[in-house]
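# sharing a model that was predicted from the sequence below.
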Amino acid sequence: MLVTPQAVEEGSRDSTWKYFQGCLGALDGTYIQLQVPAVDKPRYRSRKGSAYVLTGWEGSAADGRVLKDAIGRENGLKVPTGSYYLCDGGYTNCEGFIASYRGFRYHLREWVAGRRVPQNYKEYFNMKHAKGRNVIERVFGQLKSRWAILCSNSFYPVETQNMIIMACTYFHNFIKENMEYDPVFGDEEYIVQLEQITLANDGGHEVYIEAVEASQAWSAFREQLAQQMWLEC
């Protein structure tokens, strides 16, 4: 169940996505609990003290480090130039990846208490960004709710656990694509993007982003987009 993302088109009327033309979706990582041998625990311990694995990764790897690895692999993540993903402040704001403004209100819960209205263009951008990026949180929530094995400690070897996570994700996509009505989640159509690179590389001639590096040009792009949103709100 491979999925090739479709970018937001110009003229979109969706209130969440209309500002993010060219956006392919949202990007983030999630924690999966498992038990590892005592000698390996330091590599797997997160900053919160629990153990986790990102498929193919180990240890308290920063989001940006994992992304750089994904971009650099021969069959890794392919982002066509001109397109991008929304990602939180844990990532570098750079070509192909628009991060939120650090130091300004961001999470949706912050907009329901105190000052409800954004006070400047950076806060407004963060609010719209958070509403769009929230889709990845809902995807992870559905995936873990459907497969209980992803929600409790697993005692399988790490290599086996990696395959289990991938298998659960593939089956999740299969169910969403083939059932007219999902008995667990109703009509919500959230699928997980997997291995879209295999499809994108199959005879295509697109130019893909090859590095995760901050640039003045991309900072200016985010700034222009944020100010445009503020003027049109």
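Looks like it came in fine.

# could you pull up the residues touching the residue nearest the centre of the chain?
Most central in the chain under Cα atoms, centre = their mean is Leu27, positioned 1.5 Å from the mean C-alpha point. Going by Cβ atoms under 8 Å, 6 or more residues apart in numbering, Leu27 touches Leu67, Tyr85, Leu86, Cys87, Tyr91, Phe97, Ile136. C-betas here are computed from N, CA, C, even on glycine.

# so of those residues, which ones are in strands?
Here DSSP state E is the test, and the contacts of Leu27 give Tyr85, Leu86, Cys87, Phe97 as lying in strands.

# low-confidence ranges in this protein?
1-3, 43-60, 111-115, 186-205 (pLDDT under 70).

# hey, where'd the strands end up in it?
Under DSSP E, the chain gives strands at 23-26, 84-87, 97-99.

# highest average neighbour count across those strands?
Each of those was scored by mean neighbour count; the highest is strand 84-87, a mean of 24, by mean count of other Cβ atoms under 10 Å.

# other SSEs contacting that one?
Counting contacts by 3 or more Cβ pairs under 8 Å, 6 or more residues apart in numbering; DSSP states H and E, strand 84-87 packs against strand 23-26, strand 97-99, helix 121-146.

# including distance to Val158, could these go into TSV?
Output for these, formatted as TSV (distance: least, Cβ to Cβ, whole Å):
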stretch	distance to Val158
strand 23-26	27
strand 97-99	28
helix 121-146	18
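
# most packed of those?
strand 97-99 (a mean of 23).

# which helices and strands does it pack with?
Using 3+ Cβ pairs under 8 Å, 6+ apart: strand 97-99 touches strand 84-87, helix 216-232.

# the same query, at a cut-off of 10 Å, please.
Applying 3 or more Cβ pairs under 10 Å, 6 or more residues apart in numbering; DSSP states H and E, one finds that strand 97-99 makes contact with helix 63-72, strand 84-87, helix 121-146, helix 216-232.

# thinking again about what came up before, now, which of the contacts of Leu27 sits nearest Lys144?
When the contacts of Leu27 are ranked by distance to Lys144 (Cβ to Cβ), Ile136 comes first, at 12.7 Å.

# so that closest one sits against Ala26, correct?
Yes. If you go by Cβ atoms under 10 Å, Ile136 and Ala26 touch, sitting 3.9 Å apart.

# can you count the residues close to the nearest residue to Phe20 once chain neighbours are set aside?
What sits nearest to Phe20 in space, not counting adjacent residues and going by Cβ to Cβ, 6 or more residues apart in numbering, is Val8, at 5.3 Å. When neighbours are defined as other Cβ atoms under 10 Å, Val8 has 20 of them.

# got it, and Gln21?
Gln21: 15 neighbours (other Cβ under 10 Å).

# and it, how far from Gln228?
With distances taken as Cβ to Cβ, to the nearest Å, Gln21 is found 11 Å from Gln228.

# please apply the same query to Tyr19.
8 Å.

# ok, these two, which is more surrounded?
Tyr19 (21 against 13).

# list the contacts of that one.
8, 12, 124-125, 128-129, 132, 225-226, 228-229, 232-233 (Cβ atoms under 10 Å, 6 or more residues apart in numbering).

# quick one: contacts of stretch 137-146?
Residues contacting stretch 137-146 (Cβ under 10 Å, 6+ apart): 25-26, 28-32, 108, 130, 150-152, 165, 168-169, 171-173, 175-176, 182, 184-185, 188, 190-193.

# same question for stretch 226-233.
18-20, 98, 101, 117-118, 120-129.
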